[in-house]
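In: quick one: sequence and predicted model below, then my questions.
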Amino acid sequence: MTSSLQELGYPLGFEVEDPVSALVDPPSVRLGQAQRTLVRSISGMQKEALVTDSVSGKTWRLVSDEGEYLDGDDVAPAPLAFMTTGMVSSFANELLALAEERGIDVDDVTLVQDNYYTMNGSALRGTMTGGALPVELSVEVDSDAEESTLRELVETATRTSPVNGLMTSVLNSAFTLRLNGEAVPIEDGDDLGDESVEDPASVFDDLVYDADAQDRPIIYRTGRTTEPLPDAEEKYTSGSGSSLEADQDRVLHVRGMCTLDDEGTKTVEVKLFSPIGTVFELRSDEPSGHGGQGRAPSAMAYVAAGLGFCFMTQIGRYADIVNKALGSYRIVQDTHFSFGARENGETPGEAEPVETHVFLDADESASSAREILDMSEQTCFLHALCRTDLAAPEVAVVKT
């Protein structure tokens, strides 16, 4: 059976030429770079996003799905795969920029990053909460430099990365909410006041995509399934519908292995160890003048996409668990990050709180819509990453 995403007939990721709406334009830059991300639900757990980066001005169309653990069709990467891709690509960018600045020769660089998240509590009692745990990063590199020199290089790279701002600050996300076209006040103090944007539904409806065949896909479904780790913890979960259970106490584990080709484009192989999922490969490249040639989404474009996709998944997941009469739903999300070492030297990376405009079509009351929003933010792994002051990544360096 063909899924809705497959019926659309497009690659899983490609550049959108000349989008017809100004709504895709990124917000005014505050820290150095900004992204605007539009996401809509398609069917089940499948979602489609348009991500525009202020640095390149390019808009990328990306799609996401889930595996059997969320009764998905498993035809596109899970949301957490996008965050892992963006994060490890950003660390790679910083490592290369710092090595160049310091005159340290590094070759055959491979970064292996492990991200861990938690889900605990009851959706029915309103206690279910997503969490984020510290990142583990291992770097394999061919270099004449001392291992201690390389370790300090990698540790500095994690600090100068823009995602440092997400990991080391407490950033409480801000929202607006519209239900069936009507504004719904948000009562918890984390709203954007009267600020609002246009519903992106018409943007998606009016876009006509012209996606060329790709010699090297930006996003590639390998068809391979991750093999479980032999020492998997008891809280690792898998199985059909396991992530839709009303009560949960589990750990999620995502691994990204980042390698660089001769032209500097990064390829990240993403594996889901908990829950088990299909292996995807995602390509990333920075804009021209910023360490790349703009041949694929930038690291921070992937980070923005991951944030949007994960939050959207929690909307659908929570509504499914508690039987809310939810129809279609969409968001417009703005993210703000500093530049990294290439532009800012060794200044620590910064970020501002994520700003998200939520649009629900549902046969529900305003209070019910607020509950959907609140629980979606509360259970979102990546909004948890934003609101948690994490320890610095645990770094290991292996000289090859």
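Out: On my side now, so go ahead.
In: and the strands in the stretch 151-300 of the chain?
Out: For the stretch 151-300 of the chain, the strands defined by DSSP state E, counting those that start in this stretch occupy 174-179, 182-183, 219-225, 247-260, 266-274, 278-284.
In: got TSV for these, with mean neighbour count and distance to Ser202 too?
Out: C-beta here means a position set from N, CA and C on the backbone, and glycine is covered the same way. Shown next, in TSV, are the strands of the stretch 151-300 of the chain (neighbours: other CB atoms under 10 Å; distance: least, CB to CB, whole Å):
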stretch	mean neighbour count	distance to Ser202
strand 174-179	21	14
strand 182-183	10	17
strand 219-225	15	26
strand 247-260	20	34
strand 266-274	23	32
strand 278-284	24	29
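In: including mean pLDDT and distance to Leu23, could these go into JSON lines?
Out: Listed next are those as JSON lines, based on pLDDT from 0 to 100; distance: least, CB to CB, whole Å:
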{"stretch": "strand 174-179", "mean pLDDT": "94", "distance to Leu23": "14"}
{"stretch": "strand 182-183", "mean pLDDT": "93", "distance to Leu23": "17"}
{"stretch": "strand 219-225", "mean pLDDT": "95", "distance to Leu23": "24"}
{"stretch": "strand 247-260", "mean pLDDT": "94", "distance to Leu23": "31"}
{"stretch": "strand 266-274", "mean pLDDT": "96", "distance to Leu23": "29"}
{"stretch": "strand 278-284", "mean pLDDT": "97", "distance to Leu23": "25"}
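In: distance to Glu7 added to those, as a markdown table?
Out: What follows is these, written out as a markdown table (distance: least, CB to CB, whole Å):
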| stretch | distance to Glu7 |
| --- | --- |
| strand 174-179 | 28 |
| strand 182-183 | 32 |
| strand 219-225 | 16 |
| strand 247-260 | 28 |
| strand 266-274 | 24 |
| strand 278-284 | 19 |
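In: if I look at Gly256, how far off is Ser89?
Out: Separation of Gly256 from Ser89 (CB to CB, to the nearest Å): 8 Å.
In: brain fart, Arg330
Out: Distance, Arg330 to Ser89, using CB to CB: 27 Å.
In: what does Thr278 give?
Out: Relative to Ser89, Thr278 is positioned 20 Å away (CB to CB).
In: more neighbours: which of Arg330 and Ser89?
Out: Ser89 (34 against 23; other CB atoms under 10 Å).
In: list the contacts of the more buried one.
Out: Applying CB atoms under 8 Å, 6 or more residues apart in numbering to Ser89 gives the contacts Cys258, Lys266, Val268, Ser284, Ser298, Ala299, Tyr302.
In: what about the last one, which helix or strand?
Out: By that I understand Tyr302. Per DSSP states H and E, Tyr302 falls inside helix 299-322.
In: quick one: the next helix or strand after that helix to helix 299-322, angle?
Out: Using DSSP H and E, the next helix or strand after helix 299-322 towards the C-terminus is strand 326-338. With axes from the mean of the first three to the mean of the last three CA atoms, to 10 degrees defining the directions, strand 326-338 sits at 150 degrees from helix 299-322.
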